[in-house]
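Q: Any chance you can model this:
(one chain, ligands or ions: 1)
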Amino acid sequence: MSATPTILFSDPTPEKQLFCLQLFSESAPDNVHICSSPDALIETLSKVKVDILFLNLTLFPDEECISHLDAIQNDFPELLIIAAIPEDQTALEQEILSRNTFFYITIPYKESEVQLALKRALTKLAIQPTDTSVNSRKRLPPFHGIIGETEVMQNLFSLIKKISEDALATVLIRGESGTGKEMVAKAIHRHSSRKNKNFVPVNCAAIPDDLLESELFGYTKGAFTGATQNKIGRIEYADGGTLFLDEIGDMKPTLQAKLLRVLQEKEFEPVGGLKATPVDTRVVAATHCDLEQLVSEGTFREDLYYRLSVIPLKIPPLKDRREDIPILLDAFLDLHATKRGRDKFIIPMNVMIALLSYEWKGNVRELENLVQQMSILYSGKEIQLEDLPERLLADFDPEAVDYELMNTIISGVSLSDKEPEKISQSTVISLPGRLEWQEGQVDFNELINDYESQLIIKAMKITGGNKKEAAKLLNLKRTTLLEKIKKKNLQGMWEEN
Ligand SMILES: Nc1ncnc2c1ncn2[C@@H]1O[C@H](COP(=O)(O)OP(=O)(O)OP(=O)(O)O)[C@@H](O)[C@H]1O
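A: Alright, predicted model coming up:
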């Protein structure tokens, strides 16, 4: 970001443009750009490093505004976008909410609303460099919305770029549910020369077998009862673009044979049709199943398996890339808390450790859902362990935590290795309670030890020295608490003098 943030104000109405000019007439006018057409908007964004974009979406035709917004966010992932959308357009509002837009207001908007939104955006930019919470560190930009700074994710992004250079080869994406397979498929599409044509997702498990065929291939009038007119299928809709077949392992064998024909011959016949229709679509398939197993059991065609897996991609489960959890949390907090007009809540170290220790069987989706749920239900400023849903703490044993590993993950050693100059030696990171540390001078075990002692003393104070109650408060066995008090020589330290 430049010293003075650069603002691009895009609105087709001259009256609003005038308002913007007046608003910034005294302050750094060089850093404010105004445009009134889509072309001018794109041109300015490509020439000038813009920090905040005020975007009146009526600049674009109704049906195109979301795809333009997506394209801008993809191309300029660090841009803070304040969108203005016509009021009473619930569907559009939902679309905006599901995106990483900084703020949105409805048209007709009051000038004071724009001022407020801009003020918030400027404040956000101003606090970014000095934010010292454990969640904040220099971030690499997401790749088409996919967040991941671990080596394995960065390698995946490079692979996606390579794959996208070829617009034909079939790709098979594997990964557990919620790892982002659909996001990866979209990224392949958006990064390829097919990006201006349709990306058509089909979930083979969600559509009943007897409907899937006509959904995919379309049908001709009279093909079956109720087929009163020709209908094009999703394969044809994806002509020139990308067909994403999710849960391909659930496709029944007769359809597998028809799909194989599309892949081999580049043509298909609609249900009830006799004439083959040529089609040029790239197929990206995804599965969380063991396809080899299905092939050996005879439920998945071997020839289709080989056709599909020309380029295999694997997305690792979240538990195998825990270093990404703090970054994902931070991004989802930005998205879901800010979207609700509230400040991001603080995730103290002990909560972060619990989150890092959890298995995340639902992967990134489960993590995002948690942040979304907390943004709605939780009204405090700093999350406490007991605020987390029970399932997250069921197997959490603070004594079994590998603190050294946690230290590496939280302090992002691998990241600071990459950009040592970005980390200031004097950065102070606040911990819950009274603890503080100087970055670069940390003895993690000693710090945790101190922290643990303070927690115990606090719990004993709160419970008036009742060890049974204090153990309950700390979610520890009474015997463990007694042992700790003895070992740490804390006896009596909670008593007021
Ligand atoms: N790396 C990531 N960065 C940001 N968001 C992510 C990431 N991975 C997944 N998500 C989010 O998690 C949710 C699930 O993603 P997606 O649908 O792509 O997963 P999937 O593997 O296709 O899941 P399923 O197999 O259940 O269909 C989405 O809300 C998506 O935004």
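Q: Quick check: residues of the stretch 251-400 of the chain near the ligand?
A: 288, 364-365, 368 (C-beta under 6 Å from any ligand atom). C-beta coordinates here come from the backbone N, C-alpha and C atoms, glycine included.
Q: Which two among the residues you listed are spaced furthest apart?
A: Greatest spacing in those, by C-beta to C-beta: H288 and E368 (17.7 Å).
Q: Strands of the stretch 351-497 of the chain, start to end?
A: Ranges of strands in the stretch 351-497 of the chain, per DSSP state E, counting those that start in this stretch, are 428-430, 436-438.
Q: quick one: which of those strands has the weakest pLDDT on average?
A: Mean pLDDT values for those show the minimum at strand 428-430, a mean of 28.
Q: show me what contacts the residue in the stretch 251-400 of the chain that the ligand sits nearest to?
A: Ranked by C-beta to the nearest ligand atom, the top residue of the stretch 251-400 of the chain for proximity to the ligand is V364, at 3.4 Å. Under the criterion of C-beta atoms under 8 Å, 6 or more residues apart in numbering, the neighbours of V364 are 178-180, 318, 328.
Q: Same question for I462.
A: Counted by C-beta under 8 Å, 6+ apart, I462 has contacts 470, 473.
Q: Same check on V401?
A: 353, 357.
Q: What distance do you get for it to Q264?
A: 53 Å (C-beta to C-beta, to the nearest Å).
Q: Repeat that for E64.
A: Taking C-beta to C-beta, one finds E64 at 35 Å from Q264.
Q: can you check T299 too?
A: The value you get for T299 to Q264, if C-beta to C-beta is used, is 21 Å.
Q: Next, P12: phi, psi?
A: Dihedral angles of P12 (phi, psi; degrees, to the nearest 10) stand at phi -80, psi -10.
Q: check contacts around Y305.
A: Going by C-beta under 8 Å, 6+ apart, Y305 touches 291-292, 295.
Q: host element of it?
A: Using DSSP states H and E, Y305 falls within helix 302-308.
Q: For whatever helix or strand comes next after that helix, buried residues please.
A: Remark: after helix 302-308, the chain's next helix or strand is strand 311-314, criterion DSSP H and E. Buried residues in strand 311-314, counted by 16 or more other C-beta atoms under 10 Å: 311, 313.
Q: per-residue confidence at P29?
A: 52.
Q: who in the stretch 51-200 of the chain is up against the ligand?
A: Counting by C-beta under 6 Å from any ligand atom, the stretch 51-200 of the chain sits next to the ligand at 146-148, 175, 177-183.
Q: just checking, which of those belong to helices?
A: Residues of those located in helices (DSSP state H): 181-183.
Q: I'd say M406 and V351 touch.
A: No - with contacts counted by C-beta atoms under 8 Å, M406 stays clear of V351, the gap being 12.0 Å.
Q: So for these two, which residue has more residues nearby?
A: Remark: of M406 and V351, V351 carries more neighbours, 21 against 18, as counted by other C-beta atoms under 10 Å.
Q: Which residue is the nearest non-sequential neighbour of that one?
A: Closest residue to V351 apart from its sequence neighbours, by C-beta to C-beta, 6 or more residues apart in numbering: I383 at 5.1 Å.
Q: could I get the contacts of V364 as CSV with pLDDT and neighbour count?
A: Formatted as CSV, these follow (pLDDT from 0 to 100; neighbours: other C-beta atoms under 10 Å):
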residue, pLDDT, neighbour count
G178, 96, 20
T179, 97, 25
G180, 97, 22
L318, 97, 25
L328, 94, 18
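Q: if we take those residues, which one ends up nearest to G273?
A: G180 (36.5 Å).
Q: right, and that closest one touches F143 too?
A: No - with contact defined as C-beta under 8 Å, G180 does not count as touching F143 (10.5 Å).
Q: For L211, what is the enclosing helix or strand?
A: helix 209-217.
Q: err, Q22, not the other one
A: Q22 belongs to helix 14-23 when assigned by DSSP H and E.
Q: just how off-centre is the next helix or strand after that helix within its chain?
A: Toward the C-terminus, helix 14-23 is succeeded by strand 32-35 as the next helix or strand (DSSP H and E). Centroid separation between strand 32-35 and its chain, computed with C-alpha atoms, centre = their mean, to the nearest Å, is 30 Å.
Q: Also stretch 85-105?
A: 18 Å.
Q: I would like the residues contacting it, please.
A: By C-beta under 8 Å, 6+ apart, the residues outside stretch 85-105 that reach it are 52, 57-58, 65-66, 69-70, 73, 80-84, 106-108, 113-114, 117, 120-121, 124, 145, 331, 334-335, 338-339.
Q: Distance check, the residue of the stretch 251-400 of the chain closest to the ligand against V184.
A: 12 Å.
Q: Equivalent analysis for Q73, please.
A: For Q73 relative to V184 (C-beta to C-beta), the value is 17 Å.
Q: more neighbours, the two?
A: V184 (26 against 19).
Q: which ones are touching that one?
A: 146, 156, 160, 173, 313, 315.
Q: And the pLDDT for it?
A: pLDDT, read off for V184, is 97.
Q: on that earlier part again, counting by contacts, list what the helix holding L211 packs against.
A: Counting contacts by 3 or more C-beta pairs under 8 Å, 6 or more residues apart in numbering; DSSP states H and E, helix 209-217 packs against strand 199-203, helix 234-237, helix 253-265.
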